[in-house]
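Asker: no sequence on hand, only this structure:
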């Protein structure tokens, strides 16, 4: 028994784009004993890069903020932003800043890889996903093309969560969930694809071992931050896989996450393989699958529109004919990496609040278009959407999702579901239990329910028509 509750303590880490968040959780009850957070920096401009050592420093600061609770933990798990390319030299030091998931400069390399290795159908059947610009394999191909000296200096390639796990344990370990977003892990075989690695000039020895679900990565080594030496370290996973664990997600319950990126996903027992590229055929952290669609432009894009209009983010107004497609950073869903934001349908009587509402509509529209592909036949047409992420706390986001989907929405009480899912993975490892079952025992899915409203078919038709007509402007 710990000093904080009935059971041992575990640490869940969320190393995201903008910050590292840490929860110290009672493994028996799910009660949060301590929280900590520290920021990261991301480069401005067309490239999105961040220093891996900054993530490590932020993890230390977030753990320090948790005080003695972190020093009493028996197990830890790190969840991290997916797809990031971390390149290490023979001494384990970063060769250059990491290329992050939302860096779309590798769009030409993405198109080339799809063409060179059999086309969309072949990639979908082999890998489960098309290697879009966000995928790690496209980023590595970009590095080889644009910075060959950095590629030659690279002795090891890691994902963001792998890098932190290795700093904790000294072991090069990843998991199937995060590995499934690289483009060089085959969902068909459950292993690295040698032909793809050979094609892009990588060797399997440069990559981490893929741990089985429920397998430990190692233990905390001496001097590894304010954590007990010898504490168990789980394999960790990607942020979306961790959020699914944090919800204790079962098939038939779709999730929309509203953060820097927007995502829609659901757990299924069927291996996904979408040759259109709309749905990424990710593995989950347990042994099932997590088909997922991701947009690059979500809360930050809408906040930027609010700032341009000189309005608060909740200062929306109904009505009007304006359409906004807020593809400010290019877009991944739909796959339009060269796109920019588009505003259409202005009238003399259009108000700033209506334009802001149209920006919300455009961001949500991009996610809901992929919902049916992600959810599949396991999900009832009137099933509630689980709404998570920072945007889920905003009334304008909730109302927009309800109005464009025609479905009820449930917002879980606990906001830090990625860190909570990592904590559930650590607890499952420590207690020998299914981490999703641990999360369900903790009651993590409880939250406020907002009933369905009539679907706004007219707004949907305006958005659909504008996206179709704007194809040439977006380079489609």
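Answerer: Right, received. Where do you want to start? Being a predicted model, the structure only gives us computed values, none of them experimental.
Asker: max-length helix in the protein?
Answerer: Among the segments of the chain that qualify as a helix by DSSP state H, the longest is helix 352-368.
Asker: doesn't residue 87 belong to a strand?
Answerer: Yes - counting by DSSP: H, G, I helix; E, B strand; the rest coil, residue 87 falls inside a strand.
Asker: OK, contacts around it?
Answerer: Residues in contact with residue 87 (CB atoms under 8 Å, 6 or more residues apart in numbering) are 94, 95, 96, 98, 143, 150, 151, 153, 154, 156, 157. In this view, the C-beta of every residue, glycine as well, is placed from N, C-alpha and C.
Asker: re the thing from before, and the helix or strand that the longest helix of the chain is followed by, what's buried?
Answerer: Next helix or strand after helix 352-368 toward the C-terminus (DSSP states H and E): helix 371-375. By neighbour count on 16 or more other CB atoms under 10 Å, the buried set for helix 371-375 is 371, 374, 375.
Asker: now swap in stretch 28-43 and tell me
Answerer: Quick answer for stretch 28-43 (16+ other CB under 10 Å): 28, 30, 32, 33, 34, 35, 36, 37, 38, 40, 42.
Asker: and the end-to-end length of it?
Answerer: Start-to-end span of stretch 28-43 (CA to CA, to the nearest Å) is 41 Å.
Asker: now it: average pLDDT?
Answerer: For stretch 28-43, the mean per-residue pLDDT is 96.
Asker: return the distance of that stretch from the chain's centre.
Answerer: Remark: stretch 28-43 is offset 16 Å from the chain centroid, using CA atoms, centre = their mean, to the nearest Å.
Asker: with stretch 154-163 instead?
Answerer: Using CA atoms, centre = their mean, the offset of stretch 154-163 from its chain centre is 17 Å.
Asker: which SSE is immediately downstream of the helix or strand of the chain with the lowest mean pLDDT?
Answerer: Here the helix or strand of the chain ranked lowest by mean pLDDT, DSSP states H and E is helix 371-375, holding a mean of 84. Sequence order places strand 385-388 as the next helix or strand after helix 371-375, per DSSP H and E.
Asker: tell me which residues of that next one come out buried.
Answerer: 385, 386, 387, 388.
Asker: please produce JSON lines containing those, extended by distance to residue 427.
Answerer: Converted to JSON lines, the buried residues of strand 385-388 look like this (distance: CB to CB, whole Å):
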{"residue": "385", "distance to residue 427": "27"}
{"residue": "386", "distance to residue 427": "21"}
{"residue": "387", "distance to residue 427": "25"}
{"residue": "388", "distance to residue 427": "20"}
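Asker: okay, and which of the buried residues of stretch 28-43 map to strands?
Answerer: Within those, residues falling in strands by DSSP state E are 32, 33, 34, 35, 36, 37, 38.
Asker: in CSV, list those residues along with distance to residue 400.
Answerer: As requested, these are exported to CSV (distance: CB to CB, whole Å):
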residue, distance to residue 400
32, 30
33, 35
34, 34
35, 29
36, 32
37, 27
38, 31
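Asker: show me the two of these that sit farthest apart.
Answerer: Across these, the two members that end up farthest from each other (CB to CB) are 33 and 38, 18.3 Å apart.
Asker: how about residue 446: what's its closest non-neighbour residue?
Answerer: residue 413 (5.7 Å; CB to CB, 6 or more residues apart in numbering).
Asker: quick one: which of the buried residues of strand 385-388 is nearest to residue 50?
Answerer: Looking across those and measuring by CB to CB, the closest to residue 50 is residue 388, at 23.0 Å.
Asker: let me see the contact set for that closest one.
Answerer: Residues near residue 388 by CB under 8 Å, 6+ apart: 243, 247, 255, 256, 257, 258, 411, 412, 415, 417.
Asker: can you put those residues in TSV and add distance to residue 51, neighbour count and pLDDT?
Answerer: Below are the contacts of residue 388 laid out as TSV (distance: CB to CB, whole Å; neighbours: other CB atoms under 10 Å; pLDDT from 0 to 100):
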residue	distance to residue 51	neighbour count	pLDDT
243	25	30	93
247	31	25	94
255	30	26	95
256	31	27	96
257	25	26	92
258	27	26	95
411	34	18	96
412	32	21	93
415	27	16	83
417	26	29	93
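Asker: can you flag which of those residues belong to helices?
Answerer: Going by DSSP H, the helices hold 243, 417 from the contacts of residue 388.
Asker: in strands, which of the contacts of residue 388 appear?
Answerer: Short answer: the contacts of residue 388 in strands (DSSP E) are 255, 256, 257, 258, 411, 412.
Asker: which of the residues you listed sits closest to residue 266?
Answerer: residue 255 (6.7 Å).
Asker: just give the closest residue to the closest one, not the sequence neighbours.
Answerer: Excluding the flanking residues, the one nearest residue 255 by CB to CB, 6+ apart is residue 386, at 4.6 Å.
Asker: going along the chain, name the strands of the stretch 101-250 of the chain.
Answerer: Counting by DSSP state E, counting those that start in this stretch, the stretch 101-250 of the chain has these strands, from start to end: 156-158, 173-175, 185-186, 191-192, 209-211, 216-219, 232-234, 237-238.
Asker: and these, which is most packed in?
Answerer: Stretch with highest mean neighbour count among these: strand 237-238 (a mean of 35; mean count of other CB atoms under 10 Å).
Asker: quick one: secondary structure of the residue in the chain sticking out farthest from the centre?
Answerer: Note on the chain: the largest separation between a C-alpha and the mean C-alpha position, by CA atoms, centre = their mean, falls on residue 348 (39.9 Å). Under three-state DSSP, the three-state class of residue 348 is coil.
Asker: ok, back up a step: how about the ones in strands among the contacts of residue 388 in JSON lines, adding distance to residue 434?
Answerer: JSON lines is the format used below for the ones in strands among the contacts of residue 388 (distance: CB to CB, whole Å):
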{"residue": "255", "distance to residue 434": "19"}
{"residue": "256", "distance to residue 434": "24"}
{"residue": "257", "distance to residue 434": "22"}
{"residue": "258", "distance to residue 434": "28"}
{"residue": "411", "distance to residue 434": "25"}
{"residue": "412", "distance to residue 434": "19"}
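Asker: nearest to residue 451 among those?
Answerer: Nearest to residue 451 among these, with distances taken as CB to CB, is residue 411, at 12.7 Å.
Asker: okay, and the beta partners of that closest one?
Answerer: residue 448 (DSSP bridges).
Asker: contacts only, for it.
Answerer: 387, 388, 392, 393, 398, 447, 448, 450 are the contacts of residue 411 under CB under 8 Å, 6+ apart.
Asker: which one of the residues you listed is nearest residue 120?
Answerer: residue 388 (30.1 Å).
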